[in-house]
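In: okay, predicted coordinates and the sequence, questions at the end:
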Amino acid sequence: MTSPVPRVRRTSTTLADGRELLYFDDTEPYVSGVATRRLDDPRPLPDRFAPVVDPDGASHPITGPEMRYDVLTGEWVPMAAHRMNRTFLPPADANPLAPAKPGAAYSDGEIPAEDYDVVVFENRFPSLMTVPGVADEVSGLNGEELYPVRPAVGRCEVICFSSDSTASLASVSPGRMRTVIEAWADRTTALSALDGVEQVFCFENRGKEIGVTLHHPHGQIYAYPYLTPRTATMLRQARAHRERTGRNLLRDVLDAELRAGVRIVLESTHWVAYVPAAARWPVEVHLAPRRDVPDLPALTDDERDDLATTYLALLQRLDTFFVTADGDPVPLPYIAAWHQAPVREGRDDLRLHLQLFSVLRAPGRLKYLAGSESAMGAWISDTTPERIAARLQELGR
């Protein structure tokens, strides 16, 4: 009796500078193991942890990014100055996320294979990085205990959804979307096991309006050494709700939206999409599983299969939310953020859900964060959740 062919094959390799790269294959002959993507990286890159030689010829150990504690807000702020000179909107023939060109001379692309399904690799310009031999210890900036500073340990990864630079996540097949979900879950499990990691965040930035520096369809995965401010706030609210009611806040939110019905925009066997009652952005929708799960790895195969088709249906609907005066759809710039329970703290209080939102309030018009939002954190919405939901409901008919 032969073994079943795996749905996705995961293959790990090391890039020339020591960063990890993983292929997630769902097509033959790779998914069955008959063939393997290219594993060697021919680029003449120095080891990323090699000592740095200054203009005077002196050698110094590499130092990674640091983070400083904002005593006024209680938030850690990573300082990653090396990212100032990272790749910015390169021409098509210099796209570092594109597969290698058959027979082409050396180029500084990140992926050595001539084709791929889904790829994940460590970011070359990370804002979080664990440097071997550097202790994760807190010290005082300028000798002042008031200003704690520590290494910005953790990991930043890039996930490429397709080898086609003209594609988008909304345009991939359900099978490929399922592979992306498998990669998200795999990386969440792996990164959660790293020393010092407190939270794993899978997300996608799409569109120049969002600030994307590479148009190739891709997302990112961050492993933070602290709880992000948004997560800490949700956890505080969830714990207060549990103390008052004995129930899970995000479970109650989903149930309340289902009872109200007015902001529900899409339902499937395992998933519900709704516009939150206090939506802040011109376009905002949340996607949550019907079952209480803390993170992506906790999803069953059936839930992952259903998510693949439901997520694509939602993305395709969002890409027709706005139209030009001629009736042509406007591809929506957005941030898609997977909120997962932290690695250790609050796993019973927080619940997996996707938050997808856009800064576009009309074709050619953006929602700018002015004084109230930026300085005071006091949000003012330019629309209502019901109007957002009504438009998304209309698009589903």
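Out: The structure has been received and is ready for your questions.

In: domains for the protein, by residue range?
Out: Per automatic domain parsing, the structural domains of the chain span 9-42+62-226, 230-395.

In: need those in TSV with mean pLDDT, distance to residue 54 and mean neighbour count, can you?
Out: From N, CA and C alone the C-beta is placed, and that goes for glycine too. Formatted as TSV, these follow (pLDDT from 0 to 100; distance: least, Cβ to Cβ, whole Å; neighbours: other Cβ atoms under 10 Å):
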stretch	mean pLDDT	distance to residue 54	mean neighbour count
domain 9-42+62-226	91	12	17
domain 230-395	96	38	17
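
In: could you redo these as TSV and give each row distance to residue 48?
Out: Shown next, in TSV, are these (distance: least, Cβ to Cβ, whole Å):
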stretch	distance to residue 48
domain 9-42+62-226	4
domain 230-395	25
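
In: please name the residues that touch residue 156.
Out: 122, 123, 126, 127, 128, 129, 220, 221, 222, 223 (Cβ atoms under 8 Å, 6 or more residues apart in numbering).

In: direction included, what does whichever helix or strand it is part of pair up with?
Out: In the assignment (DSSP states H and E), residue 156 maps to strand 155-160. Strand 155-160 has these partner strands in its sheet, going by DSSP bridges: strand 118-122 (antiparallel), strand 218-224 (antiparallel).

In: can you redo those strands as TSV with distance to residue 135?
Out: Shown next, in TSV, are the strands paired with strand 155-160 (distance: least, Cβ to Cβ, whole Å):
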stretch	distance to residue 135
strand 118-122	21
strand 218-224	18
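
In: ok, which of those comes nearest residue 253?
Out: Residue 253 lies closest, by Cβ to Cβ, to one member of those: strand 218-224, at 23.9 Å.

In: run through who's touching the closest one.
Out: 97, 120, 123, 127-128, 154-161, 169, 184, 187-188, 191-192, 194, 197-205, 336.

In: so which of those residues are in helices?
Out: 184, 187, 188, 191, 192 (DSSP state H).

In: residue 107 contacts residue 98, correct?
Out: No - counting by Cβ atoms under 8 Å, residue 107 does not reach residue 98; the two are 9.1 Å apart.

In: ok, now which ones touch residue 200?
Out: Contacts of residue 200 (Cβ under 8 Å, 6+ apart): 187, 188, 191, 192, 221, 222, 223, 224, 295, 340, 343.

In: what separates it from residue 225, distance-wise?
Out: 11 Å (Cβ to Cβ, to the nearest Å).

In: do the same with residue 153
Out: Applying Cβ to Cβ to residue 153 and residue 225 gives a distance of 5 Å.

In: same question for residue 76.
Out: 8 Å.

In: ok, the residue most central in space within the chain to residue 380 distance?
Out: Residue closest to the average C-alpha location in the chain (Cα atoms, centre = their mean): residue 203, at 1.6 Å. From residue 203 across to residue 380, the span is 25 Å (Cβ to Cβ).

In: that older thread, so what's the closest residue to the residue nearest to the centre of the chain other than its chain neighbours up against?
Out: Excluding its sequence neighbours, the residue lying closest to residue 203 (Cβ to Cβ, 6 or more residues apart in numbering) is residue 337, at 4.7 Å. Shown in contact with residue 337 (Cβ under 8 Å, 6+ apart): 201, 203, 354, 355, 356.

In: including distance to residue 15, could the contacts of residue 156 go into a markdown table?
Out: Shown next, in a markdown table, are the contacts of residue 156 (distance: Cβ to Cβ, whole Å):
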| residue | distance to residue 15 |
| --- | --- |
| 122 | 8 |
| 123 | 11 |
| 126 | 13 |
| 127 | 19 |
| 128 | 18 |
| 129 | 14 |
| 220 | 17 |
| 221 | 17 |
| 222 | 19 |
| 223 | 18 |
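
In: and which of the residues you listed is nearest residue 37?
Out: Nearest to residue 37 out of the contacts of residue 156 is residue 122 (Cβ to Cβ; 16.9 Å).

In: leaving out chain neighbours, which residue sits closest to that closest one?
Out: Closest to residue 122 by Cβ to Cβ, 6+ apart is residue 19, at 3.8 Å.

In: quick check on the one you found: phi, psi?
Out: phi -70, psi 150 (degrees, to the nearest 10).

In: repeat for the one 3 residues further on
Out: Here the main-chain torsion angles of residue 22 (degrees, to the nearest 10) amount to phi -130, psi 130.

In: surely it touches residue 12?
Out: Yes - in this structure, residue 22 is within contact of residue 12 by Cβ under 8 Å, at 5.0 Å.

In: so who does residue 210 touch?
Out: So residue 210 contacts 333, 334, 335, 359 (Cβ under 8 Å, 6+ apart).
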